[in-house]
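predicted coordinates and the sequence they were generated for:
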Amino acid sequence: MIATDTDILAAAESWRREGRQAVLATVIETWGSAPRPVGSHLVVDGEGGFQGSVSGGCVEGAVVEEAMEVMTEGTARVVEFGVADETAWRVGLSCGGRIRIFLERID
Amino acid sequence: MHLDTLARLNAERAARRATVLVTDTGDGTQRLVTEAEIDRDPLADTLRKALAAGRSGLVEADERQIFLTVQAPPVRLVVIGAVHIAQALAPMARAVDLAVTVIDPRTAFATPERFPEIDLVPEWPDAVLGNRVPALDRYCAVAALSHDPKIDDPALKAALGAGCLYVGALGSRKTHAARVERLTQAGFPPEDIARIRAPIGLDIAAVSPAEIAVAILAEIVSTLRRPRQDR
């Protein structure tokens, strides 16, 4: 079972070694009742498959979309989801929190 | 992140050494700082604090937003005594991601039937710690549940010596007073002995073995997660 953030980082490494692409997403800041703590990881592969979670399921879909862009461009970026953000409502961080996520490609 | 950095981070973690990954969230530049390298780092004080708290987080340095990924080794729980409470505690501890080992030289207690799929060691704690079972370190929790000083005491001594993050011992206040006496005789300073949680477990009025296991696990989690100054 992939349960801990250690496993996520190990998965990211083994994916790269198998020749799969990988983008790592890390929760860097939270406000209010964010579902996953700072430091939580999600890793996304070139096909959009992923392991781990950054929001317990609320915004994972949108994070994977952002990750696919980072995979193509190669530049790290910070994205924010929260109640003030219309996108967040659409993708459903309905718990009332806000999170900032750092996305980086594993090269 | 370079694959090399990720590989080093995973290797350090596998070797049970703490690291901090320092990431500039503005331009994505990074460096991995091991515990031994912290003193030489420009952010030494900040990194030391983050590591002591065991928490990842964002910091400001030179007007840049820096994210610190704190990698403390995964916590191991070593249970002394393959008793009824241990049967309930071991699978619960695994569910919260602790690596569990149960040690008891009494082969009537330490049977695979009583501990399915648990790392079970039917040996004396002092004989196996440091070889068959990896030596205790700061990132270990030790719960002494055997009720037998011949089995519990050597493990408690090893746990205090290694500075384990949690050390708990089952037994009444009277039993614990006798234990304190023995450890004092053995030369342990009072402040070390005071680190032993006894009676073990948070006070939730637990009665059954499984309830006592919940109380012990809750105490371990609270020790692990609460900032040190609040403990």
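All right, it came through fine.

give me the pLDDT for the closest residue to A:Arg98 other than its chain neighbours.
Once flanking residues are discounted, A:Arg98 sits nearest to A:Gly82: 2.8 Å by CB to CB, 6 or more residues apart in numbering or on different chains. (Glycine included, C-beta is placed from N, CA and C.) On the pLDDT scale, A:Gly82 is placed at 73.

distance-wise, check A:Gly82 relative to chain B.
15 Å (CB to the nearest CB, to the nearest Å).

my read: that residue touches A:Gly97, true?
Yes. A:Gly82 lies in contact with A:Gly97 (CB atoms under 8 Å); the separation is 7.0 Å.

just the strands in chain A please.
A:22-31, A:41-45, A:50-52, A:77-81, A:98-105 (DSSP state E).

how about chain B?
B:19-24, B:30-34, B:57-61, B:64-71, B:76-80, B:99-103, B:119-121, B:140-144, B:166-169, B:196-197.

any idea which of these gets closest to A:Val63?
strand B:64-71 (16.1 Å; CB to CB).

that closest one - which strands sit beside it in the sheet, and in what orientation?
strand B:19-24 (antiparallel), strand B:57-61 (antiparallel) (DSSP bridges).

possible to save these as JSON lines with distance to A:Gly52 and mean pLDDT?
Below are the strands paired with strand B:64-71 laid out as JSON lines (distance: least, CB to CB, whole Å; pLDDT from 0 to 100):
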{"stretch": "strand B:19-24", "distance to A:Gly52": "16", "mean pLDDT": "96"}
{"stretch": "strand B:57-61", "distance to A:Gly52": "19", "mean pLDDT": "93"}
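
among the ones you listed, which is the most enclosed?
Sort the strands paired with strand B:64-71 by mean neighbour count, taking mean count of other CB atoms under 10 Å in any protein chain shown, and strand B:19-24 sits at the top with a mean of 23.

wouldn't A:Asp45 be in contact with A:Ala22 here?
Yes. A:Asp45 is in contact with A:Ala22 according to CB under 8 Å; the separation is 5.9 Å.

okay, now B:Thr107: neighbour count?
As a burial measure, B:Thr107 scores 10 neighbours (other CB atoms under 10 Å in any protein chain shown).

ok, now which ones touch it?
B:Thr107 is in contact with B:Pro122, counting by CB atoms under 8 Å, 6 or more residues apart in numbering or on different chains.

state the distance from the residue most central in space within chain A to chain B.
Chain A has A:Ala25 as the residue nearest its centroid, 3.6 Å off, counting by CA atoms, centre = their mean. The gap separating A:Ala25 from chain B is 12 Å, by CB to the nearest CB.

pLDDT averaged over stretch B:131-142 - what is it?
93.

what are the buried residues along it?
The neighbour-count check on stretch B:131-142 (16 or more other CB atoms under 10 Å in any protein chain shown) flags B:133, B:136, B:139-142 as buried.

what is the nearest of these to B:Gly26?
Closest to B:Gly26, out of all of the buried residues of stretch B:131-142 and judged by CB to CB, is B:Tyr139, at 32.4 Å.
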